[in-house]
Structure formats: structure tokens, C-alpha cells
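K.L.:
how would this look folded up:
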Amino acid sequence: MKQELVRHVDAGRRRKVRRVRPLAVAPVLAALLLLLVVALAPAAQAASKYSRTIRDGRAAARALLQQTGAPSLSLALVSNGRVVWRQSFGYADVDAKTAPTPATRYGIGSVSKTVATVALMQLVDDGLVSLDEPVVTYLPEFQMASPGYRNVTVRMLLDHSSGFPGSAYGSAMSTDYWPGYLDQVMGTLTVSRLKTTPGALSVYCNDGFTLIEGIVTAVTGESFPEYVQGEVLGPLGMTHSAYPLEPFADGSYAKAYSPDGSANPREVVNALASGGLYSTPTDMAQLATMFMSRGAYGGRRILSAASVREMGTDQTVGEIRPTVYKAAKYGLGWDSVTQPGLLKAGFTAWMKGGDSSDYHAGFVVVPGQDLAAVVQGVAPIDSGKAETLCERILLHALVDRGALRRLPAPIPAVAPPVKAATAAQLRAIQGYWAGNSLVLKAESGPDPQSITVFTLGPDGAWYEMVAGLRMRTDGRFHHKGSAASVWIASAAGRRYLVIRTASGGFYYDNMPLVQKLTAGEPLSKAWDSRLGGVWLAVNEYPTSLIWGSGGPLLQVDDVPGLDGYVLANTSSYGMQIVDADESDTAALMFLQIPGFGSRDENDLVVEVRGGEEWMWYGTTLYRPLGSVPVLAVGDNTVTTTPEGYAEWRTVSSTSLLTIDAGARWRVYDAGMNVLGSGTAYPAEVEVPAGGYVCLFAPAGTGATVHLEPSVHGGAAPAEPQASPVIPVRILSLDDPALTTPAH
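P.N.:
Next up, the predicted model:
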């Protein structure tokens, strides 16, 4: 569906260039004098004030690389508008043994949202956008299947309370830039339901920020990247920050690597506002300085002080909250405006984490102390580890400058004394629970006071997550020797299992993890017939990362022991539960968990094409794996659909294929592991028995695929050997991964 942005704003309100307003003369002179004094001070003198912080931070950074095996990370500490420490670790290019420099770019994932929010708030400052105006005012073509979409405001896009399903991961990440992503999101929303009432609760949502791109373009007449470059990155002097619209020069960015040690192609996040920016810690330090200077930078006004303050205000007040979850007190663009570790020490801090497939980042600003820390790294470092390192650096810096007497004391890893649980308390925790890519079962063992929690793997088996949970005197269930606990909270007629962990080792936070499930009706014959079925993606952008090994699959399963639900299992979304009670052709998203627990939900929708059941999940359309045509010996004509969908073919024995034309091809083995890909034609490839070839070509065009049996021989297996979509990983209550959501 074509979604061309409507230029509906009066021409007199548009402007190609936003004039960055100078500050008043007296403050400018004062700022210049201050900068002169700072410039004359030796850099070593500024760093020496934080010498203990730097020593500890270096040790922590090196330990993080060693623990994770990540190739590199880069960081910066900002104090009073100045970078007092910046350093890189590891190799930006492992093969060449090249170390990162201050100019080495890293993808910053969702930390990009802070930049997008600045761009939007500039338009608020200029009177061109109102935070509490409906989105349809600026994007009249925006619509959804639920009539409540008209009540979604601009503010709700920025604070995750829009009620959108979450994230359109289809073609969201690729190896070259795809300009059609915003149109795809708008088109998908047209047929999507709201999962919550707009403004009722905040659940992490990338698609809201994608719509910010559309609003910026509609109001200014410029593309989103053009506007951000001209009005945010340029004025802030962020010269090494850019959206990956074009290839970067080799050596200008840190490389990421596959498990086999080979370098990955440069990653592109097509959701630009939500997660597409590449930057450096030094550049992000300049953004932090602007925030700490209440919107001013270099003698110019980038944002009003009121807009900076609004960004740093808790937007979740008054929403449905079963508990106080400090790490998800969303601001505008910020994950939390009460970063829990700094709050424990008595300081207000704003925090944003970022994760993509290859890159991860943490960005924490302590506005009242004019301190900030930036950490950027390559996978398998994640945003939680990056934020924890930021937190550690900032706490040590506060001690070094005398604002904090000592580091917070760690919480002892002990549980309170046991207390007998009532029958009602045991009933409350027992049963089935579900959250984002997580299904749990809690039950009593031979000892009715002891609770065991199991997690469902994508293979349909239950795995023990934690045993021996007992009620304690604090009213929570703990297992022996752990400060982590779970308890039951209620809100808006739903029950939530809340996990309370000693995050960072010295403070508690409460994360609503999963929602209680009630049994439905037994699955209908239609849904029962689909269980165990596997479908293949057809409409992803040709260089989408979803085409990687195991990626283009959708698998449908049930929840063992619980009627009424099915699981949609994909590499992008993980294992998501949907309600199959309402319809034979659509299983519906239903979870409503504040914070991160019900992010990225979608309806699983059946579409009949040519007498076959195809599946929509999110923005991706899947065809049945079992009916993929088998190539015959000799010439085979393959014609793409009018929509230009990818064409799948399989072989019954190991074969040599010659493909005469097209745009791209990929070859997979029977377990859906990628064996090769290319864009050159004619292409000659060997496909093993039971393997697949996926062909990409312009809509309605054809290709001839010539098949000759291979001398290697080998017959296909009797059944398709699709590997599990995601690996089994069992988390404990103490595992930080359980309470460290991706951003």
C-alpha cells in the first residue's frame, strides 16, 4: 500500500531551515568566559579529579569485554560540559587488529530515540506541533482498525502509551538502507488493532517513534534525516553521527562478528527515529551537554528549557501501574527519568538504552550534577551491561567530586525467614503466566508450600526455571540464598507476577514480568490442525536480517496443558502467545503489562491464497513450508507474484542449479541454515537434499532455474527438517537477562 505523506500544513507554517535561536547576550558572554577558563585548564587536571573513577572504569570495561567476548566498546564521561575521559577498548576490526578511535562509529540502537525526541520538541518550541494534539492532525492518512486510534496523541508516541502493537520488525534491519520502512509501518497499522486504550499504560513501542519521522516530514517539508542533520546533529557539532543511508567508509565504524568469527555486513536499522543512528561517545557527550545546559549549546538555543524539562518528566503518572517500576518511568524519549542506581544514591538521572542485532549502548545523564556517561559496544554486550557500566562510572565520579560520601552498600544475597503461605497466596501464584516471549507455569511439588516455576521452550517442553520458592516474612516468594523474589500484584482486573531483583547489587526494582492466564475453550479443529506447522517469510526486503539462518520461519504451537491459546514463534519476536478463542482465522494479542512485559505483540492472521493458508504476523507474510514447489530436473520457470514476493523452491536430492536472472538468491539446507547468497547472474549453486532456494526478483518477472542432479547424490529427508526458531535458554530469577529487556 502506498502511503505518501500528505503535506497538509499551510505553506506559511513550513520552513526548510529552522533558525537556531541565539541566547541572550549576557548569558552568552558568561558562557564564553566559562568556556575560555575551561579551555585554558589543562586536560590532565580535569581528568585527575576523576583518576579513581577512570581506573575503576577501565578495569570494568576490560572485564566486560573479557566476560562477553565482545570485540570492542567505547565510552565517555562528561563533567560540566566537558569530556573528561574518553577511551576505547578492543578492536574495531579484529582481523586488522585496528583499535577504535574517538571517531569510530557504533550503532546506538534505541538511544536514537533521544535525538528523534529533540527534533520533535524543536517543532513544539516553534509552535508547529502540540504534544497533546492527535496524530491525525499531522498525519491525516494515519488510521487503524480500532476507532480509538483517533485519540492517539503525539505525546503518546514519545512515552510509549499509544496502545500500538509495538514494533514492526519486518525489514526493520537490513544490510543496506530501505526507504520504504515508514510506509510499511503506516500500511500495517491500517489493519492493526490497538492493544490498549491510548494513554492507559505505557508499554515499550518502537513504532510510535517511526511515526515521529512522518510528523517531522509533514510539518517541515524535509525528510527526517535531513531535518535531524540540519537542526540537531549539525548545531551540536555531532560530526561523526549519521543515519546509514549510504555505505560508510571501511574503518569508520566498529565491525560486528558472527559466531564463526566472520565480519558481518554493516547493519542498517531502517527504523531511523527509533534506532537507526550511528554515533560516537564524544558526539553523544555533546547531546548530553545540551541537556545539562537546559537546551543550550555553544551559545545557541537548541531546545527550550521547558522542553528539556518535559522530556525529563515522568509521563507514566496516572496510568495503570501494578507496582512502581523505576527503570521504566518513561519520560519523552527516555526509558527512565529515575535511573534506579543513581536514585538509590540520592540523584535524579535520565537513562536510555539501545539494542540492535549488532550494537548496544547506554546513555545516562545526571542533570543536577552536570554529569553524564556514554557506553557504546558491539554484541554480545547488551544495553543492560552498557547502562550498568554507565551507572558504575557515574557513581564513582560522584564520589570523586565529593557529591557522594561513599558507594552504596551491596544488598546481602540472603532471603528473609520462611513464613507459611496461606491457601489464597498459593492459589494466586500457581497456574500459567505469559509475557514478552515468555510463558511460565508455577505449581507446588510434594511439599505444598514449595513452588516450582517452569518456562516453556520453543520445542514445547517445560524446563525448570527455579525450584523451592517459599513465602517469606516480607510477603514475597524467595528461594534459598537469594535476595530476588516474586510477588503478585493486581491492576485493572489483571494479575501480574512481579519480579523484585537486587539490580546492580545494591538496589531493588520491581518489574511486572508476566500476566496471569485463564484457560479458554479447547482449540478449534482449524487451529488444532495448524499446530506444529511451519511457514516461510515472503515479503521481507531482500537484504533484511530475517533471511539469516533460521530467521525466515514462523512456527505455530500450543501451550501444553492450557486450552485456548497458540504460540507464534519467530526469530524477530521470539515466542509470543495469542488468544485463539475468538476466531478460526485470527488469534489475538491480549497481554497488557506495563513497561516491557507486553511489548511487540501482534495478531496472528490467516489469509487464504490459492487454496492455502498463509499467515500474517506483524508486517511479515508467511507461506506454508510444506507446499513449497519441488524443482524438476531440467528447466523450471519461476515467476514472481504481482506483489514481488520472494519465491521459494526445494529439491528432492542434492542438485546443481543454474539461475539465469533475478535480483538476489539465497540457499538454505533442510534445517534452514544459510549456505550462500548472491546477486550475480547467471548463478550456479549446489543445494543439498531437502534444501531450499529463495529467489528475489521484480514483481511479475520470471527466471529460469535449470536443475541437474549433483554427483554428490543424497535424497531429501521424509519430513522437512526445520530447526527451532529460537534456541532454548532457561533463565533463573537471579539472571540479569530476565529483567534486562532489549530496547
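K.L.:
tell me the pLDDT of Gly261.
P.N.:
Listed pLDDT for Gly261 reads 94.
K.L.:
and it, what is it in contact with?
P.N.:
Val94 (C-beta atoms under 8 Å, 6 or more residues apart in numbering). Every C-beta, even on glycine, is put in place using the N, C-alpha and C of the backbone.
K.L.:
quick check, it in a strand?
P.N.:
No: per DSSP: H, G, I helix; E, B strand; the rest coil, Gly261 lies outside any strand segment and is coil.
K.L.:
and it, how far from Lys255?
P.N.:
Using C-beta to C-beta, to the nearest Å, one gets 11 Å for the distance from Gly261 to Lys255.
K.L.:
what touches both of these two?
P.N.:
When C-beta under 8 Å, 6+ apart defines a contact, the residues bordering Gly261 and Lys255 alike are Val94.
K.L.:
just for the chain, where's the confidence low?
P.N.:
Where the chain drops to pLDDT under 70, the residues are 1-47, 712-740.
K.L.:
let me see the domain layout of it.
P.N.:
42-400, 410-624+722-743, 634-709 (automatic domain parsing).
K.L.:
pick the most deeply packed of those domains.
P.N.:
Most buried of the domains of the chain, by mean neighbour count (mean count of other C-beta atoms under 10 Å): domain 42-400, with a mean of 21.
K.L.:
helices of the stretch 401-550 of the chain, residue ranges please.
P.N.:
423-429, 525-530 (DSSP state H, counting those that start in this stretch).
K.L.:
output the longest one as PDB, nothing but the C-alphas.
P.N.:
Written as PDB, here are the backbone C-alpha positions of helix 423-429 (Å, rounded to 0.1, in the frame of the first residue of the first chain):
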ATOM      1  CA  ALA A 423      -4.000 -21.200  50.600                       C
ATOM      2  CA  ALA A 424      -5.100 -18.000  48.800                       C
ATOM      3  CA  GLN A 425      -1.400 -16.900  48.400                       C
ATOM      4  CA  LEU A 426      -0.500 -20.300  46.900                       C
ATOM      5  CA  ARG A 427      -3.500 -20.300  44.600                       C
ATOM      6  CA  ALA A 428      -2.500 -16.800  43.400                       C
ATOM      7  CA  ILE A 429       0.900 -17.800  42.200                       C
END
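K.L.:
so which elements touch that helix?
P.N.:
With contacts defined as 3 or more C-beta pairs under 8 Å, 6 or more residues apart in numbering; DSSP states H and E, helix 423-429 has these neighbours: strand 485-491.
K.L.:
please name the nearest non-neighbouring residue to Glu647.
P.N.:
In space, and not counting its chain neighbours, Glu647 is closest to Leu695: 4.6 Å by C-beta to C-beta, 6 or more residues apart in numbering.
K.L.:
in terms of helices and strands, where is that neighbour?
P.N.:
Per DSSP states H and E: Leu695 is located in strand 692-696.
K.L.:
which other helices and strands contact that strand?
P.N.:
Here strand 692-696 touches strand 647-650, strand 655-659, strand 664-668, strand 702-709, going by 3+ C-beta pairs under 8 Å, 6+ apart.
K.L.:
which residues does it contact?
P.N.:
536, 542, 547, 552, 628, 631, 638, 640, 646-651, 657, 659, 662-668, 670, 672, 685, 687, 703, 705.
K.L.:
so what strands line up beside that strand?
P.N.:
Sheet pairing of strand 692-696 (DSSP bridges) gives strand 647-650 (antiparallel), strand 664-668 (antiparallel).
K.L.:
tabulate those (JSON lines), appending distance to Glu464.
P.N.:
What follows is the strands paired with strand 692-696, written out as JSON lines (distance: least, C-beta to C-beta, whole Å):
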{"stretch": "strand 647-650", "distance to Glu464": "38"}
{"stretch": "strand 664-668", "distance to Glu464": "34"}
